[in-house]
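Peer 1: Starting from these lines, generate the structure:
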Amino acid sequence: MYKKEINYTKYILFGLLLCNATAGLILWDLTKPQPLEVNFFDIGQGDAIFIQTPQQHQILIDGGPSSTAILRKLSQTMPYWDRTIDLIILTHPEHDHIAGLIEVLKSYKVENILWTGIIRNTAEYKEWQKIIQDEGANIIIAQAGVKIFSGNSSEYYKLEVLYPFESLESQEIKSVNNTSVIARLSFGENSFLFTGDAFKSVENELIEEGIYLDSDVLKVGHHGSKTSTAQEFIEAVSPKIAVIQCGRNNRYGHPYPETLATLEKFDINILRTDQNGDIKIFSDGSNLKIKTQDNYGLSSF
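Peer 2: Model (predicted):
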């Protein structure tokens, strides 16, 4: 009986030592500088971009066309106990951007929602309006000059709305794609430009207004349609990497050969969710690293 008690004591002591060692490793890991992580989800024919900042702030831009797809991607990316998202951005209320967000709002506590506030007469839009009221999140109306940022050190990041130029709240606008929120995320020397489905006419407006567009990573407008990605716009953005979010064998023929030719002309690294699956881009503020679903290794850029 005495020997058994001694053995149990050894097991307990060993367990405590193991717990202490594990806690020390976790603490050491948390003190390491954290990267900015931008996930371009493969959710079919639509947009869904999940950003985790060095401060562990979580931002979701659009939710794609399917509630099941976006919830699955979030569960794979976020810790299972984390049921809060700091900020949701709806670029514009079209099905392939808004549908998934409705279910996200039902499943997660969302602190802030940024969108244009335009009016649409669809059942999906009405459900969106009801659920954001029920959610009780802080509503931010998107217009140029709105900035979301954190910190003043090496971990500083800034998300700035570049378009629309003025508030579109409570307006009913025929071309919903051209109301897309366009935003630029910067972290150290690296930057990302998110364009929604904005057409070339909006791209030209940004250039004419002298908006600073230069960015390392461009989320290509309108899933690579020929309606977006003018050559002059690409020259102004001067991206190293272009990400196209589109579905496999989609009925629209996205991305268009014209768009791909424009990007290839400037020797831009093209990544596509229909070919590469999920695309993760990490930034330490100076360098970019890419991880795609079809290539589990990290590639520097």
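Peer 1: pLDDT of the helix or strand where Ile290 lies, averaged?
Peer 2: Using DSSP states H and E, Ile290 maps to strand 288-292. The average pLDDT for strand 288-292 rounds to 96.
Peer 1: Show me what that strand pairs with in its sheet, parallel or antiparallel.
Peer 2: Strand 288-292 pairs in its sheet with strand 279-283 (antiparallel), strand 295-300 (antiparallel), by DSSP bridges.
Peer 1: Those: lowest mean pLDDT?
Peer 2: Ranked by mean pLDDT, the strands paired with strand 288-292 bottom out at strand 295-300, with a mean of 65.
Peer 1: Run through the bridge partners of the residue nearest to Lys219 when sequence neighbours are not counted.
Peer 2: Leaving out its chain neighbours, the residue that sits closest to Lys219 by Cβ to Cβ, 6 or more residues apart in numbering is Phe194, at 4.7 Å. Bear in mind the C-beta positions are built from the backbone N, C-alpha and C, glycine included. Beta bridges link Phe194 to Ala183, Lys219 when assigned by DSSP bridges.
Peer 1: Spit out the contact partners of Phe194.
Peer 2: Ile49, Ile61, Thr91, Val181, Ile182, Ala183, Arg184, Leu185, Lys219 (Cβ atoms under 8 Å, 6 or more residues apart in numbering).
Peer 1: doesn't Pro239 make contact with the last one?
Peer 2: Which is Lys219. No. Lys219 lies out of contact with Pro239 (Cβ atoms under 8 Å); the separation is 9.5 Å.
Peer 1: list residues touching both of those two?
Peer 2: Here Lys219 and Pro239 have Leu193 as joint contacts, going by Cβ under 8 Å, 6+ apart.
Peer 1: Would you check that Ile61 makes contact with Ile98?
Peer 2: No. Using Cβ under 8 Å, Ile61 is not in contact with Ile98; the gap is 11.8 Å.
Peer 1: Against Thr122, how distant is the spatially most central residue of the chain?
Peer 2: When Cα atoms, centre = their mean is applied to the chain, the residue found nearest the centroid is Ile49 (2.6 Å). Going from Ile49 to Thr122 by Cβ to Cβ, to the nearest Å gives 23 Å.
Peer 1: Now for the residue nearest to the centre of the chain: which residues touch it?
Peer 2: Val38, Asn39, Phe40, Phe41, Leu60, Ile61, Asp62, Phe194, Lys219, Gln245.
Peer 1: what about the first one, which SS state?
Peer 2: This means Val38. Assigned by DSSP: H, G, I helix; E, B strand; the rest coil, the conformation of Val38 is strand.
Peer 1: Now for Ala242: which residues touch it?
Peer 2: So Ala242 contacts Val217, Leu218, Val220, Leu263, Ile268, Asn269, Ile270, Leu271 (Cβ under 8 Å, 6+ apart).
Peer 1: Count the neighbours of the residue nearest to Ala142 when sequence neighbours are not counted for me.
Peer 2: The spatially closest residue to Ala142, leaving aside those adjacent along the chain, is Val181, at 4.5 Å (Cβ to Cβ, 6+ apart). Residues contacting Val181 under the criterion other Cβ atoms under 10 Å number 25.
Peer 1: Just the pLDDT for the nearest residue to Ala198 once chain neighbours are set aside.
Peer 2: What sits nearest to Ala198 in space, not counting adjacent residues and going by Cβ to Cβ, 6+ apart, is Ser180, at 4.3 Å. With respect to pLDDT, Ser180 has a value of 98.
Peer 1: Phi and psi next, for Ser180.
Peer 2: Main-chain dihedrals, Ser180, degrees, to the nearest 10: phi -50, psi 140.
Peer 1: That one: neighbouring residues, count only.
Peer 2: That count, for Ser180 with other Cβ under 10 Å as the rule, works out to 29.
Peer 1: Leu162 is in contact with that one, correct?
Peer 2: No. The criterion here is Cβ under 8 Å, and Ser180 misses it with Leu162 at 10.7 Å.
Peer 1: Got the domain ranges for the chain?
Peer 2: Structural domains assigned to the chain are 1-32, 35-300, following automatic domain parsing.
Peer 1: and Asp47, how far is that from Ile70?
Peer 2: Distance, Asp47 to Ile70, using Cβ to Cβ: 10 Å.
Peer 1: which one of the two has more residues nearby?
Peer 2: Counted by other Cβ under 10 Å, Asp47 and Ile70 do not tie: Asp47 has more neighbours, with 29 against 26.
Peer 1: List the contacts of the closest residue to the more buried one other than its chain neighbours.
Peer 2: Nearest residue to Asp47, sequence neighbours excluded (Cβ to Cβ, 6+ apart): Asp62, at 4.2 Å. Contact analysis of Asp62 by Cβ under 8 Å, 6+ apart lists Gly46, Asp47, Ala48, Ile49, Ile89, Leu90, Thr91, His97, Ile98, Gly100, Leu101, Gly196.
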